[in-house]
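Participant: Here is a sequence with its predicted model. Questions after.
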Amino acid sequence: QVQLAESGGGLVQAGGSLSLSCVALTHTFNRHSMGWFRQAPGKEREFVATIGWNNHASYADSVEGRFTLSRDDAKSTVYLQMNKLGPEDTAVYYCAAGPRLVHPYGSIRANDYDYWGQGAHVTVSS
């Protein structure tokens with residue numbers, strides 16, 4: 001069982017930046033694909049970014065060029081750097097871990113992830 005904990009959410013003005021972190025509390029996620037998803041009020045959860053265990057990262061079109069996902073397996077931590085934030089980025093952001101040695105390039109599908117964090121609230125004011 002992999003327990004994930006997100007941190008770094010908060011309130012920021014439009015155009016600002018935030019950095020989210022996700023740490024595995026009870027397990028290393030070496031060779032696990034990792035992803036971030038978000039859910040805005042009244043909307044379905046959507047894909048944000050993923051990074052495979054080969055360190056290849058992919059992004060949703062809506063965040064491409066503004067968000068950067070990276071991982072430090074030695075620290076069992078992934079980082080989501082979010083720049084040029086807008087009100088449309090307001091959501092609860094969830095970190096997720098996939099099964100070991102599957103999806104080397106990550107996955108955009110929520111069903112491909114086995115473990116989820118509790119979520120980090122991000123609010124962007126206009």
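Facilitator: Nice, I can see it.
Participant: Count the neighbours of V2 for me.
Facilitator: In terms of burial, V2 registers 20 neighbours under the definition other CB atoms under 10 Å. In this view, the C-beta of every residue, glycine as well, is placed from N, C-alpha and C.
Participant: and if you look at the one 10 residues further on?
Facilitator: The local packing count at V12 equals 17, with neighbours defined by other CB under 10 Å.
Participant: in which helix or strand would I find it?
Facilitator: Element membership for V12 (DSSP states H and E) is strand 10-13.
Participant: Run through who's touching that strand.
Facilitator: Counting by CB atoms under 8 Å, 6 or more residues apart in numbering, strand 10-13 makes contact with L18, L85, H121, V122, T123, V124, S125, all of which sit outside it.
Participant: so who does the residue nearest in space to the middle of the chain touch?
Facilitator: The residue at the geometric middle of the chain, judged as the C-alpha nearest the mean C-alpha position with CA atoms, centre = their mean, is W36 (2.4 Å). Listed by CB under 8 Å, 6+ apart, the contact partners of W36 are L20, C22, V48, A49, T50, L69, V78, L80, Y93, Y94, C95, A96.
Participant: Quick check: G106 touching Y59?
Facilitator: No - in this structure, G106 sits apart from Y59 without contact. The criterion is CB atoms under 8 Å, and the distance is 10.1 Å.
Participant: Those two - which one has more neighbours?
Facilitator: Summary of the neighbour comparison: G106 and Y59, criterion other CB under 10 Å, with G106 having more neighbours (25 against 19).
Participant: still on that earlier bit, okay, the contacts of strand 10-13 in JSON lines with secondary structure, pLDDT and neighbour count next?
Facilitator: As requested, the contacts of strand 10-13 are exported to JSON lines (DSSP: H, G, I helix; E, B strand; the rest coil; pLDDT from 0 to 100; neighbours: other CB atoms under 10 Å):
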{"residue": "L18", "secondary structure": "strand", "pLDDT": "98", "neighbour count": "20"}
{"residue": "L85", "secondary structure": "coil", "pLDDT": "98", "neighbour count": "22"}
{"residue": "H121", "secondary structure": "strand", "pLDDT": "97", "neighbour count": "12"}
{"residue": "V122", "secondary structure": "strand", "pLDDT": "98", "neighbour count": "22"}
{"residue": "T123", "secondary structure": "strand", "pLDDT": "98", "neighbour count": "15"}
{"residue": "V124", "secondary structure": "strand", "pLDDT": "98", "neighbour count": "20"}
{"residue": "S125", "secondary structure": "strand", "pLDDT": "97", "neighbour count": "11"}
